[in-house]
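Q: this one's sequence-less:
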């Protein structure tokens, strides 16, 4: 597999994956690049280019085998690795993720949550134990989880990210709305912005007037 | 302004907007298309192409005026219109959005929330009144809000979307994880998938091993 795949291509893979997974669940066996393109708002040529980055998988005149393409994309993304994740900040958004988000589907196993609020600390939510933030270092020990999910207040984003980096965490899924842009660091970050999709919808609604 | 701008371009505008807004807040006056490209993970030529769809705004050898470009993008997206929004489903995610999400920044004013849980119905959260779902029709009346935010359980997604469409709602910001793909309808939908960013992060973490 080429190591020089652009992030723009990588970012499209989860969309392919989700849609192929849905098709597979519906019992669909194959799909043309044209249909895949239409569904995902891309061109057929872009789809072919994207998938060619990883060596193809399509056949001229047949299209793609749904299950095979889905599995190949899962393997590329590493969804089968089930790396460990912890979640910091058990407020409304943290609880929503612990209760309803399918971490396994995205390649991770949520193993613990951390907070500072009495009553929340020491409880279990959807079978995930909630520990005090003070015990983060002892919990992580010599075996850091790969991922930390940040649903803490924005004001403590930067200090918490530094603390996580020192602990050897590799990636941060950041919901705090304060962008983390680590430089000179091996830390990987995804800053989640709900804004982007609502601003897009704002355009689409207004344009249709 | 051209009406034939592709959705791929539109989807990048919020990212431009957020970054330009941040630069403006830091007092930056101008930025080159090269710097903008680097920050956003695009090429300078793609940035120029994107912005040319709307008539340019850049000057050869100068780059872009930060405040002007930010304001132009806000105008294109319609962020100044402040259309009305309602939120359906005041669980953890609904509460997180009501309490912490900046609807105004994304072009909308949140005016009411709806739920069915006693104790939640009749309360106010962050000054937003929570009404019973049964009073949705009477609340909307002849003057439907433009947007409905769906943070309801996935099982009631489709019936709720139909009900909203009948009421004349124009857009749905859908957090239920059940994709709405209205066909033969003027209803506009943004299906929000946290999965996409976590799957991307999964790839990036594994690739860096």
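A: Yep, it's here. Model, not experiment: these values are computed from the prediction.

Q: ok, residue A:122 touching residue A:130?
A: Yes - the criterion here is CB atoms under 8 Å, and residue A:122 meets it with residue A:130 at 6.8 Å. Every C-beta, even on glycine, is put in place using the N, C-alpha and C of the backbone.

Q: walk me through the domains of chain A.
A: Using automatic domain parsing, the domains assigned to chain A come out as A:7-77, A:83-195.

Q: least reliable of these by average pLDDT, please.
A: Lowest mean pLDDT within the domains of chain A: domain A:7-77, a mean of 86.

Q: check the offset of that one from the chain's centre.
A: In terms of CA atoms, centre = their mean, to the nearest Å, the centre of domain A:7-77 is found 18 Å from the chain centre.

Q: so it, near chain B or not?
A: Yes - under the criterion of CB under 8 Å from any CB of the partner chain, domain A:7-77 makes contact with chain B via A:7-8, A:10-11, A:13-15, A:17-18, A:22, A:41-42, A:76-77.

Q: can you read off the backbone torsions of residue A:128?
A: The phi and psi values for residue A:128, taken as degrees, to the nearest 10, are phi -100, psi 120.

Q: bridging residues for it?
A: Note on residue A:128: beta-bridge partners residue A:125, judged by DSSP bridges.

Q: and for it, the neighbour number?
A: When neighbours are defined as other CB atoms under 10 Å in any protein chain shown, residue A:128 has 17 of them.

Q: cool, residue A:172 as well?
A: For residue A:172, the count of nearby residues is 26 (other CB under 10 Å).

Q: which strand residues bridge it?
A: Beta bridges link residue A:172 to residue A:148, residue A:189, judged by DSSP bridges.

Q: in stretch A:146-164, which residues are buried?
A: A:146-152, A:156-157, A:160-161, A:163-164 (16 or more other CB atoms under 10 Å in any protein chain shown).

Q: which residues does the longest strand anywhere in chain A contact?
A: Criterion DSSP state E: the longest strand present in chain A is strand A:108-115. The contact list for strand A:108-115, computed with CB atoms under 8 Å, 6 or more residues apart in numbering or on different chains, reads A:82-90, A:94, A:98, A:103, A:121, A:125, A:128-133, A:135-136, A:139, A:145-147, A:149, B:198, B:202.

Q: quick one, phi psi at the one residue sitting closest to the centre of chain A?
A: Chain A has residue A:106 as the residue nearest its centroid, 5.9 Å off, counting by CA atoms, centre = their mean. Backbone torsions of residue A:106, given as degrees, to the nearest 10, read phi -100, psi 10.

Q: residues near the nearest residue to it once chain neighbours are set aside, how many?
A: Distances taken as CB to CB, 6 or more residues apart in numbering or on different chains put residue B:198 closest to residue A:106, at 4.0 Å, once the chain neighbours are dropped. By the measure other CB under 10 Å, the count of residues near residue B:198 is 27.

Q: likewise the one 3 residues further on?
A: Each residue near residue B:201 was counted by other CB under 10 Å, and the total is 26.

Q: next helix or strand past the lengthiest helix in chain A?
A: The longest helix of chain A (DSSP state H) is helix A:7-25. Beyond helix A:7-25 in the direction of the C-terminus, DSSP states H and E gives the next helix or strand as strand A:30-31.

Q: comparing residue A:122 and residue A:130, which residue is more hemmed in?
A: residue A:130 (21 against 11).

Q: returning to what we had before: and the domains of chain A as JSON lines, adding distance to residue B:72?
A: Converted to JSON lines, the domains of chain A look like this (distance: least, CB to CB, whole Å):
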{"stretch": "domain A:7-77", "distance to residue B:72": "24"}
{"stretch": "domain A:83-195", "distance to residue B:72": "18"}
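
Q: so which of these is nearest residue B:186?
A: Residue B:186 sits nearest to domain A:7-77 of all those, at 18.0 Å, using CB to CB.

Q: how long is the closest one end to end?
A: 12 Å (CA to CA, to the nearest Å).

Q: pretty sure the residue nearest to residue A:106 contacts residue A:107?
A: Yes - taking CB under 8 Å as the definition, residue B:198 is a contact partner of residue A:107 at 7.3 Å.

Q: just the domains of chain A: most buried one?
A: Highest mean neighbour count of the domains of chain A: domain A:83-195, a mean of 18 (counted as mean count of other CB atoms under 10 Å in any protein chain shown).

Q: and it, how far out from the chain middle?
A: 13 Å.

Q: also stretch A:77-92?
A: On CA atoms, centre = their mean, the centre of stretch A:77-92 falls 9 Å from the chain's centre.

Q: how long is that stretch end to end?
A: Per CA to CA, stretch A:77-92 runs 29 Å from first to last residue.

Q: what of stretch A:21-29?
A: 11 Å.

Q: contacts for it?
A: Contacts of stretch A:21-29 (CB under 8 Å, 6+ apart): A:31, A:65-67, A:70, B:179.

Q: for residue A:196, give me its contacts.
A: Residue A:196 neighbours (CB under 8 Å, 6+ apart): B:11, B:14-15, B:18.
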